[in-house]
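Chemist: sequence? don't have it. structure:
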């Protein structure tokens, strides 16, 4: 995952979990059944895991731009040559 | 967020924290959904005294049948897991002591029928510390303790209770009980 993808993944799972927590509380309160509350929350948790854990392609749309390779330069810097 | 393991850890931790906050909200919702004890129907009454005797330890014991009729459904909202309901027989004694003894109890769970209407016998015998039960007026109180799924337990007492006055004399023992009593009293010498 690139950096923008990681940021997107974090925001996505936070929003999904909080929204499903609110929905779960309202569902449980309306049906007066605490197991519906926990069930809706479990669905939200599973959905957030499905969205954010695997390395989906849409998280890799902004790969970091590395500098081009420059030829003719000794890869060892002069200060390090005394250790060679 | 650099590896799937790190993302898994972050998501599960966040989910645990949000679950904690949601549980707190569920527990707070109980404050609005709990009812006072007046809403609970209690139509219990005294049925019949089985016997009032003096035990070998010179303590009094009373056994009785009670008509128990209650309906706990107003107490059961989404955060109620079970209700422990019990009957206390209480009385004042001559020695300036107030005694209360639990004589019957029952656990009512959220997935069981919440009403109960039946004749019950002493689950636990009413034994006094002494011989104070003859002619005593007993007050039978129905109380319950509510266990939530999330939150604090609380106890309440029914607003209606019933009383009964015990007879002034012990019940007559059966022939078997009398012979057992005589056998016990004569066979053990004082050491």
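Modeler: It's in. Quantities reported herein were computed from a predicted structural model and do not represent experimental measurements.
Chemist: secondary structure element holding the residue of chain A found nearest chain B?
Modeler: Of all residues in chain A, the one sitting closest to chain B is residue A:6 (3.5 Å; Cβ to the nearest Cβ). The way it works is simple: take the backbone N, C-alpha and C, and place the C-beta from them, glycine included. For residue A:6, the element it lies in under DSSP states H and E is helix A:3-31.
Chemist: give me the below-cutoff pLDDT ranges for chain A.
Modeler: Counting by pLDDT under 70, chain A contains low-confidence residues at A:74, A:84.
Chemist: tell me which parts of it are close to chain B?
Modeler: Residues of chain A that fall close to chain B, judged by Cβ under 8 Å from any Cβ of the partner chain: A:1, A:6-7, A:9-10, A:13-14, A:17-18, A:21, A:24-25, A:28-29, A:31-34, A:37, A:41, A:45, A:48-49, A:52-55.
Chemist: just the buried residues of those.
Modeler: Buried members of the residues of chain A next to chain B, counted by 16 or more other Cβ atoms under 10 Å in any protein chain shown: A:1, A:6, A:9-10, A:13-14, A:17-18, A:21, A:24-25, A:28-29, A:34, A:37, A:41, A:45, A:48-49, A:52-53.
Chemist: need the longest helix for chain B.
Modeler: When chain B is parsed with DSSP state H, its longest helix is helix B:4-33.
Chemist: following that helix, which helix or strand shows up next?
Modeler: As assigned by DSSP H and E, the chain's next helix or strand after helix B:4-33 is strand B:41-42.
Chemist: contacts for the helix or strand just after that next one, please.
Modeler: The helix or strand immediately downstream of strand B:41-42 is strand B:45-54, counting by DSSP H and E. Strand B:45-54 has contacts (Cβ atoms under 8 Å, 6 or more residues apart in numbering or on different chains) with B:60-67, B:119, B:121-122, B:131, B:133-134, B:140, B:162-164, B:166-167, B:170-171, B:173, B:177.
Chemist: also stretch A:77-84?
Modeler: Here stretch A:77-84 has contacts from residue A:76, using Cβ under 8 Å, 6+ apart.
Chemist: gap between it and the chain center?
Modeler: In this view, stretch A:77-84 has its centroid 41 Å away from the chain centroid, taken as Cα atoms, centre = their mean, to the nearest Å.
Chemist: which helices and strands does the helix holding residue A:6 pack with?
Modeler: In this structure, helix A:3-31 makes packing contacts with helix A:34-52, helix B:4-33, judged by 3 or more Cβ pairs under 8 Å, 6 or more residues apart in numbering or on different chains; DSSP states H and E.
Chemist: tilt between the first one and helix B:4-33?
Modeler: With axes from the mean of the first three to the mean of the last three Cα atoms, to 10 degrees as the criterion, the two stretches helix A:34-52 and helix B:4-33 enclose an angle of 160 degrees.
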